[in-house]
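Asker: Show me how the following folds:
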Amino acid sequence: MRIIGLLVFSVAFLFADLIDVYRTQGIEAVKEKLEQQLQEKSYWDKFLEKKDIKYGYYESTKFLILVDKKTKELKVYKKIDNKFSKIAQDSVIVGEKPGDKQVEGDLKTPEGVYELTSKLTKLDPFYGPLALVTSYPNTFDKAQKKNGHGIWIHGMPLNEKREEFTQGCIALDNPNLQNLDKHIDINESLVLISKETITEVNKEDISSILSFIYKWKDAWRKSDIKKYLSFYSKDFKRFDGLGLEGFAKYKERIFSRKENKTIIFSNINIVPYPNSLNKKMFKVLMDEKYRTKNYKFDGKKELFIELKNDRIEILTEG
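Answerer: The predicted model follows:
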């Protein structure tokens, strides 16, 4: 009861504070006050107190498909009442060669986080009744100059046996594949493929990342080029290979216009990112609404970030 009372008092105090800011300084000052609040880690610490974040933070993703290449297991989790519950666990087969996929034909299964882009049903019987297509290569893969395509979650041959490995895809028994397809929505699913079991996430990291996102957005919104670029790693690479120096020059030209900007993020998802670089990484996937006088954008925004030595840095952006 004491905690609830303190929380009510804090909310009431903040509300009263905002009313006073509005009364004396106007609505724009209230907006600025709220923007500042979103940049505070302490705000997100409180926000996450009762959230289940051991597999990441998700506002729009409802299904997680975790593939462990070492144990050759696939686990499916569904978000129920803001918690992820395991709804399936199956054995799978993966690429013939160990390690992270780098190039077309290397017979390796990639490591990373992927969306499901489509479902295929008119297939060669070798692949079973259906296949779920992943988004490999993703933005980070392209920045790392990885190539190849056609990484699927598919089934087994309908009328024959097959070897105990694939050319890079993930394969499971047909009844289990059909059960997976039945119980997920591919538009609300993410696939996490790792070389071994993914370490559970802690709330300190998630609250730090949420605070980071809004600090980065604030620098962007205000065209503060020095502060904005401080969020990027010296090893930054855009999906098209553009490095930090070229990216900085491009942004300097845009920021020099000093345009008024509206930037709104929604449906934020923060996903632990398995990788073969031994980095502590996360993928941030969110919806972005961007407006200036002469330009507007509504679409997806991706950040691939690294947590290192108490810093967060953007490695790749899309």
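Asker: Tell me where the stretch 51-200 of the chain has strands.
Answerer: For the stretch 51-200 of the chain, strands defined by DSSP state E, counting those that start in this stretch occupy the ranges 57-58, 63-68, 73-80, 83-91, 112-120, 131-134, 152-154, 170-171, 189-194.
Asker: how about the helices in the stretch 151-300 of the chain?
Answerer: 174-183, 203-221, 225-229, 244-255 (DSSP state H, counting those that start in this stretch).
Asker: Can you list the buried residues in the second one?
Answerer: It refers to helix 203-221. Neighbour counts over helix 203-221 (16 or more other Cβ atoms under 10 Å) mark 203, 205-221 as buried. Bear in mind the C-beta positions are built from the backbone N, C-alpha and C, glycine included.
Asker: do the same with the shortest one
Answerer: Of the residues in helix 225-229, those scored as buried under the neighbour-count criterion (16+ other Cβ under 10 Å) are 225, 228-229.
Asker: With the first one instead?
Answerer: The neighbour-count check on helix 174-183 (16+ other Cβ under 10 Å) flags 174, 176-177, 179-181 as buried.
Asker: same thing with stretch 164-175?
Answerer: Buried residues in stretch 164-175, counted by 16+ other Cβ under 10 Å: 165-166, 168-172, 174.
Asker: Serialize the buried residues of helix 174-183 to CSV and add fields for pLDDT and distance to T292.
Answerer: CSV is the format used below for the buried residues of helix 174-183 (pLDDT from 0 to 100; distance: Cβ to Cβ, whole Å):
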residue, pLDDT, distance to T292
N174, 96, 51
N176, 97, 49
L177, 97, 46
N179, 97, 48
L180, 97, 43
D181, 97, 42
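Asker: Run through the residues that contact E245.
Answerer: Residues near E245 by Cβ atoms under 8 Å, 6 or more residues apart in numbering: none.
Asker: Now do the same contact list for I151.
Answerer: For I151, the set of contacting residues under the criterion of Cβ under 8 Å, 6+ apart consists of 101, 109-110, 114, 133-134, 136, 168-170.
Asker: any idea how far the residue nearest to K97 when sequence neighbours are not counted lies from T199?
Answerer: Counting by Cβ to Cβ, 6 or more residues apart in numbering, K97 lies nearest to L107, which is 4.3 Å off, once chain neighbours are set aside. As defined by Cβ to Cβ, to the nearest Å, L107 lies at a distance of 27 Å from T199.
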